[in-house]
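J.: Sequence unavailable; structure follows:
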Ligand code: C5P
């Protein structure tokens, strides 16, 4: 086989509880990840060297050299296999760049799945997970999809049971926010406030709302400890969040480290009307609707007659 295409979803954080700064520069988290139906596509073609090309949503802001996380993923996988494989990656972006929706992590996860297939390595999900956690804190979840709670720096995952499909609206902002800067601002605000920072815990009512598929209860439970920091760095997001609430969002939250804002709707129809309302309010560069949870990386084109769905052991955690 000489070409494999993998489709991979974005994520939103339903709870992002940030503990104190650790000695290694990371924070202990309780991070409830939820994969949503905004997809990047990564095509891997057999080549002698390693290269990457990016097109689509804000492609000009994505590096096409060794800084690209998808290429780093391919290099790490080849190293793990102990072979000097080559690949040319083509990334078609729809996930906002540096938007708090783990677009770079998604592309890295897709590259791992695509190259595993392209090079015929047949590595199990567990091996890919190990490589993924070295690439970034959100890459393991990007391999898993569905809904899961992450602990540690977000890389230790337990899939969660979800009793329904949730409908979302995402307000995309102009320009991204650096994750490291947002965490740094969070530390600065906390230091200024002088409050002790407790150990993060999963919110039981949020997990219950997920199990029940209860959008109204979930909307009331969405929390993000990085939100004050994102708002401090990008004051205009307060108006975006307020506009969503005013138009009946069940919950309004900055997605991860931002600046994308996420709004939970009552239904698919409500998501459409909410999105239309936000567009007329001029509070976002673009407005998208999506649903979740959705499965993780999926092979959409590859060798004929092979299974179309990768990875393997966590299908029950994702629905489309
Ligand atoms: O793991 P990743 O490279 O995606 O993290 C980017 C940055 O986000 C880190 O360098 C760190 O500043 C911050 N971060 C953190 N605690 C986490 C995850 C990320 O402080 N649990």
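T.: Sure, I can see it. Every value quoted in this text rests on a predicted model; they were computed, and no experiment measured them.
J.: any idea how far residue 300 lies from residue 10?
T.: Separation of residue 300 from residue 10 (Cβ to Cβ, to the nearest Å): 16 Å. C-betas here are computed from N, CA, C, even on glycine.
J.: Same check on residue 101?
T.: When residue 101 is compared with residue 10 (using Cβ to Cβ), they lie 4 Å apart.
J.: what is in contact with those two at once?
T.: Common neighbours of residue 101 and residue 10 (criterion: Cβ atoms under 8 Å, 6 or more residues apart in numbering): 36, 38, 95.
J.: Doesn't the last one belong to a strand?
T.: Okay, so that is residue 95. No. Residue 95: not assigned to a strand; according to DSSP: H, G, I helix; E, B strand; the rest coil it is coil.
J.: Just to check, it is in contact with residue 110?
T.: No. Using Cβ atoms under 8 Å as the test, residue 95 is too far from residue 110 to be in contact (10.6 Å).
J.: From the shared contacts of residue 101 and residue 10, pick the one nearest residue 30.
T.: Taking Cβ to Cβ as the measure, residue 36 is the one of the shared contacts of residue 101 and residue 10 closest to residue 30, at 19.5 Å.
J.: I figured the closest one was touching residue 14, is that so?
T.: No. Taking Cβ under 8 Å as the definition, residue 36 is not a contact partner of residue 14, at 10.6 Å.
J.: So those two - more neighbours on which side?
T.: More crowded of residue 36 and residue 14, by other Cβ atoms under 10 Å: residue 14, with 28 against 25.
J.: For the residue nearest to residue 202 when sequence neighbours are not counted, which residues are in contact?
T.: Distances taken as Cβ to Cβ, 6 or more residues apart in numbering put residue 30 closest to residue 202, at 5.0 Å, once the chain neighbours are dropped. By Cβ under 8 Å, 6+ apart, residue 30 lies in contact with 15-17, 149-151, 200-202.
J.: what do you get if the cut-off is 10 Å, keeping everything else the same?
T.: Listed by Cβ atoms under 10 Å, 6 or more residues apart in numbering, the contact set of residue 30 reads 15-19, 149-152, 154, 199-203, 206, 223, 225.
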